[in-house]
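My questions are about this predicted structure, shown below with the sequence.
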Amino acid sequence: MQFTALQIATLIKGKIEGNPDVKVSHVAKIEEAKEHSLSFIANPKYEEFLYTSNASVIIINDSFELVKPVTATLIRVNDAYSGFALLLEKYNEMISRTGKNGIEQPCFVSKTASIGKNVYIGAFAYIGDNVMIGDGVKVYPGCYIGDNVVINENSKLYAGVKIYDGCSLGSRVIIHSGTVIGGDGFGFAPQNDGVYKKVPQIGNVIIEDDVEIGANTTVDRATMGSTYIRKGVKLDNLIQIAHNVEIGENTVIAAQSGVSGSTKVGKNCMIGGQVGIVGHINIADGTRIGAKSGISKSVTIPYAAINGSPAFEYKSSLKSQAIFRNLPELHQRLLKMEEMVQELTALLNNQNLEVKK
Amino acid sequence: MQFTALQIATLIKGKIEGNPDVKVSHVAKIEEAKEHSLSFIANPKYEEFLYTSNASVIIINDSFELVKPVTATLIRVNDAYSGFALLLEKYNEMISRTGKNGIEQPCFVSKTASIGKNVYIGAFAYIGDNVMIGDGVKVYPGCYIGDNVVINENSKLYAGVKIYDGCSLGSRVIIHSGTVIGGDGFGFAPQNDGVYKKVPQIGNVIIEDDVEIGANTTVDRATMGSTYIRKGVKLDNLIQIAHNVEIGENTVIAAQSGVSGSTKVGKNCMIGGQVGIVGHINIADGTRIGAKSGISKSVTIPYAAINGSPAFEYKSSLKSQAIFRNLPELHQRLLKMEEMVQELTALLNNQNLEVKK
Amino acid sequence: MQFTALQIATLIKGKIEGNPDVKVSHVAKIEEAKEHSLSFIANPKYEEFLYTSNASVIIINDSFELVKPVTATLIRVNDAYSGFALLLEKYNEMISRTGKNGIEQPCFVSKTASIGKNVYIGAFAYIGDNVMIGDGVKVYPGCYIGDNVVINENSKLYAGVKIYDGCSLGSRVIIHSGTVIGGDGFGFAPQNDGVYKKVPQIGNVIIEDDVEIGANTTVDRATMGSTYIRKGVKLDNLIQIAHNVEIGENTVIAAQSGVSGSTKVGKNCMIGGQVGIVGHINIADGTRIGAKSGISKSVTIPYAAINGSPAFEYKSSLKSQAIFRNLPELHQRLLKMEEMVQELTALLNNQNLEVKK
């Protein structure tokens, strides 16, 4: 399957610089591209490859200024990363790995479940009582959908996703393998003898439209009410979302982070990997949190950047970290000073000038 | 389904203040409660809602002193959280989502397995050779129970739990979806050429009565002997318990924490989220460990609180963290001092008073 | 089943000290060993047990020097841990828990899949279109193998492993339960309205020979090209490997660590638990990284040890951590000095010696 630079430029509404008839047969990372490769440069870190790459066609930003001649045909778009994403999407549709359809046997579908049109239900998938599956939904092999779950149009659950009873998923939701939605929140009432008594978790999880959740992530059901994953949220792999948490619209969270019970995270936040957020606090809209940070209290100012554990203002935290590295030297300087002051004091005392200790 | 305040008070052995005939139809968080809501207040953080809530019935602590009039009917109990937990439990039994029973087909049950009475075995569950399943056990769809596993009375494994061969579970154990019990410990002997040789892991995992384990947690089998999760332990989601570890009775561990090989954690410990504990150490009974802490050596004093990475005494660690935040300012002050001492020294030298450098 | 010390020494090519005819019937940890136990000592921490143990046979290092008499028969080998590992391996083969064979029903095998000889395919396993399964491969119950996946000879996938389409596994690869290979990388292009557009992930994952991966770990497919897990790599449980990462030969990574997108980790590295590594960097061959470290930039010097978050040279980081503990005391000393210098300055000013502020 070959495409010309012109065909690609038309598809992503880009402007051609160079030969519009040059042909590409595959996509590649810029540093690995060869003849007939189509590639892109969005991250400035990779700009140097522009001048040395053997790629036949490269997508770049409108604003990019050439400092040397290039051999590849360039296609300029407003945002090269988005342009390339669009292209991959078209490509993906063509070769489609997403083309699964129909009901594979054996699977288990309750008689009281309602199944939409054009769905895929893989072998060994389990669909419980009163479940509603919307049109175009794909349930891959080995998924478990508990009683009374609702899954809206065109959502896709990869192999082995588990959704506990009573949870609800919006449209175009994507959930990757092994993720568990709606497990019991971690709620136990300590008794006088040290034993913990389980607090039943009778709420559910509500996942809104256009959410994507990675592999082996866990989202617990609410004790009462709902745990909310709002519209457009993107969660990476191995994330923990505790009971009664709310993650606001279009917030993205990187892998292995965790949000404790009843915390509300605002919209448009960007949260790095391995971050931990304590329970019962609020994180303002647009907060950016550095990887590995620990958030111990509410963030009230929107669009702030914070970092560290416990976290505080981003740049200050970098300064503290830099000094932390030099603590041994700083300690030596303090020792030296103590000696010198001691010396000065002794000297002045010798001069019959008394210095208070 | 409606209940009167009196019915509820009787159920949880509480004392009514207000109208015993008021009716409730559902439970709700105090901040979201409406007419006919039943709610509770245990956390002092939520006390303000007591006076503004529209809840019809609110469960509170005996010791709680009213400072304003309330409109709701109050039910007083010794511990409101436990009282509410008890109520949810009764409620849960009534509506029961736990009411699954019987053997769904297709499932795979070895001819040599022994299955108790009143069990639930979901579709696509796999029960290996010589497995013993006690009375009242529930094995949800897609679980895997390896050969020679023992599961005692009234335990419940949610969808997709995997138990490797030879492990044993007590009575009333609850394990949530995706959790893996008995995978091989991470044991490899380095060879001279840099290659790692696998050390076979021939032990098992023993989980005692009344343990609850969250979703996607992993508990590795012992190299030899057993990894132990003692009576009443509660583990949250995405936790790692390595080979030959022992977690003592009634210890609770929050999400994403990890305990390395051969470490023994005492009884009644409370361990926060994202904590890491190194291998081959002992943690004394009742130790409380702050979230995100890293424990690098044994904790020998029982019932101590520790924090930080590496962790030390809790309050001291908060002090060090507070100063860490101000390290840039502290550094400036040190610089200022160095200048001043320099100045003093020069001045005195000018006075023919010699100061040692 | 009983063995003499002589039989065992012959098997692992060791040298006997003591009675070659003494019999053992089982293996045990040195601190739990009884009569007829076979045990070993590799870690110096456990040497004291040598003189008090009731074990009948103990495997120790050639270089070990006795300081007291021992009652057990000793078998000396070059490396006691490797010797013991070899023994467990032989033992394991004998009692074999790895002896599963044949095709259990019901399973789902695409007509276009190619299945080798002497394989085990467990019930509820799913084998997609054009999959190639090599000789001696074991696919435990409930595994999902997507379309076009290749699994080479003698690899073993424990229950519930999920491999997305197009990924490839070498020979003798072991993957534990719940692990997900080939889920989509976390790639989204932010749009002007705050919405994130998914970047299709059309690459795959390539796992080379002799790799072992623990339970509930996630390895994402590349955006383009491949995510590589090189020959002999050992990954523990709950690890996150992001898209386009490469993990070099014979590198070992402990539980709950994460490697972000496009980072290349060298050969023979040893990475502790709960470590986080940012994206787009290189880690030199042989790097050793302390548990819970955060790596924010490339490591260029091979075989260095680093620690901390952000990480720097290992011993320096321990020194900084030690001073961190004493920051409150250090702060007090600085305050004291400020007072004294103030005092000195005032005193000298009183003497009509002016000191610059």
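Yep, that arrived. Residues are numbered from 1 along each chain as shown, chains lettered A, B, ... in the order given.

Flag every buried residue along stretch A:258-278.
Buried residues in stretch A:258-278, counted by 16 or more other CB atoms under 10 Å in any protein chain shown: A:258-278. Where C-beta positions appear, they are placed from N, C-alpha and C, glycine not excepted.

And that stretch, end to end?
Using CA to CA, to the nearest Å, the end-to-end distance of stretch A:258-278 comes out at 9 Å.

repeat for stretch A:295-305
End-to-end span of stretch A:295-305 (CA to CA): 12 Å.

does any bit of that stretch sit next to chain C?
No. Using CB under 8 Å from any CB of the partner chain, stretch A:295-305 stays clear of chain C, coming no nearer than 11.7 Å.

Could you list the buried residues of that stretch?
A:295-296, A:299, A:304.

Could you restrict the residues you listed to the ones contacting chain B?
Applying CB under 8 Å from any CB to these, none is adjacent to chain B.

Now the two most distant members of those.
When CB to CB is used, the two most widely separated members of the buried residues of stretch A:295-305 are A:296 and A:304, lying 15.2 Å apart.

circling back to that earlier point, could you export the buried residues of stretch A:295-305 as JSON lines, including secondary structure and pLDDT?
JSON lines is the format used below for these (DSSP: H, G, I helix; E, B strand; the rest coil; pLDDT from 0 to 100):
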{"residue": "A:295", "secondary structure": "strand", "pLDDT": "98"}
{"residue": "A:296", "secondary structure": "coil", "pLDDT": "96"}
{"residue": "A:299", "secondary structure": "strand", "pLDDT": "98"}
{"residue": "A:304", "secondary structure": "coil", "pLDDT": "98"}
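
so which of those residues comes closest to residue B:120?
Nearest to residue B:120 out of those is residue A:295 (CB to CB; 40.7 Å).

so what's that closest one up against?
Listed by CB atoms under 8 Å, 6 or more residues apart in numbering or on different chains, the contact set of residue A:295 reads A:275-278, A:281, A:283, A:289, A:306, A:310-311.

looking at it, residue A:8 is touching residue A:38, isn't it?
Yes. Residue A:8 lies in contact with residue A:38 (CB atoms under 8 Å); the separation is 6.7 Å.

quick one: which of the contacts of residue A:295 is nearest to residue B:157?
Checking the contacts of residue A:295 against residue B:157 with CB to CB, the nearest one is residue A:276 at 28.3 Å.

That closest one: what's it in contact with?
Contacts for residue A:276 (CB under 8 Å, 6+ apart) come out as A:257-258, A:260, A:293-295, A:309, B:256, B:273-274, B:291-292.

how about the helices in chain A?
For chain A, the helices defined by DSSP state H occupy A:5-12, A:80-94, A:314-325, A:327-350.

Please flag which of the buried residues of stretch A:258-278 sit within strands.
Within the buried residues of stretch A:258-278, residues falling in strands by DSSP state E are A:258-259, A:264-265, A:270-271, A:276-277.

With pLDDT added, can I get those in JSON lines?
Compiled in JSON lines, those are given as follows (pLDDT from 0 to 100):
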{"residue": "A:258", "pLDDT": "98"}
{"residue": "A:259", "pLDDT": "98"}
{"residue": "A:264", "pLDDT": "98"}
{"residue": "A:265", "pLDDT": "98"}
{"residue": "A:270", "pLDDT": "98"}
{"residue": "A:271", "pLDDT": "98"}
{"residue": "A:276", "pLDDT": "98"}
{"residue": "A:277", "pLDDT": "98"}
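
May I see those residues organised as TSV, with distance to residue B:329 added?
Shown next, in TSV, are those (distance: CB to CB, whole Å):
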residue	distance to residue B:329
A:258	32
A:259	32
A:264	33
A:265	31
A:270	29
A:271	28
A:276	27
A:277	27
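
among the helices of chain A, which gets the worst mean confidence?
If these are sorted by mean pLDDT, helix A:80-94 sits at the bottom with a mean of 83.

which other helices and strands contact it?
Using 3 or more CB pairs under 8 Å, 6 or more residues apart in numbering or on different chains; DSSP states H and E, the elements in contact with helix A:80-94 are helix A:5-12, strand A:26-27, strand A:37-40, strand A:57-61, strand C:188-190, strand C:196-198.

Quick one: closest of the ones you listed to chain B.
In terms of CB to the nearest CB, the element of these nearest to chain B is strand C:188-190, at 22.8 Å.

Is there contact, residue-wise, from the closest one to chain A?
Yes. Counting by CB under 8 Å from any CB, chain A is contacted by strand C:188-190 at C:188-189.

helices or strands up against that strand?
Strand C:188-190 is packed against helix A:80-94, strand C:196-198, with contacts defined by 3+ CB pairs under 8 Å, 6+ apart.

partner strands of it, parallel or antiparallel?
Within its sheet, strand C:188-190 is paired with strand C:196-198 (antiparallel), according to DSSP bridges.

In contact with the residue nearest to residue A:114 when sequence neighbours are not counted, which residues are there?
Closest residue to residue A:114 apart from its sequence neighbours, by CB to CB, 6 or more residues apart in numbering or on different chains: residue A:132 at 4.9 Å. Going by CB under 8 Å, 6+ apart, residue A:132 touches A:113-114, A:149-151.

Residue A:145 too?
A:125-128, A:131, A:133, A:139, A:151, A:157, A:163.

For PyMOL, write the selection for the buried entries among those.
Listed next is the PyMOL selection for buried residues among these, using 16+ other CB under 10 Å:
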select buried, chain A and resi 125+126+127+128+131+133+139+151+157+163
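
Just send the contacts of residue A:145 back as CSV, with distance to chain B and pLDDT too.
CSV is the format used below for the contacts of residue A:145 (distance: CB to the nearest CB, whole Å; pLDDT from 0 to 100):
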residue, distance to chain B, pLDDT
A:125, 9, 98
A:126, 4, 98
A:127, 10, 98
A:128, 9, 97
A:131, 13, 97
A:133, 16, 98
A:139, 13, 98
A:151, 16, 98
A:157, 13, 98
A:163, 9, 98
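
Strands - which of the contacts of residue A:145 land there?
Per DSSP E, strands hold the following members of these: A:126-127, A:133, A:139, A:151, A:157, A:163.

Determine which two of the residues you listed are furthest apart.
The most widely separated members of the ones in strands among the contacts of residue A:145, counting by CB to CB, are A:126 and A:151 (13.3 Å).

How about the residues of the stretch 1-150 of chain A by chain C?
Residues of the stretch 1-150 of chain A found near chain C (CB under 8 Å from any CB) are A:27-29, A:32, A:43, A:45, A:79, A:81-82, A:84-86, A:88-89, A:91-92, A:95, A:97, A:104, A:106, A:122-124, A:140-142.

Many thanks, we can stop here.
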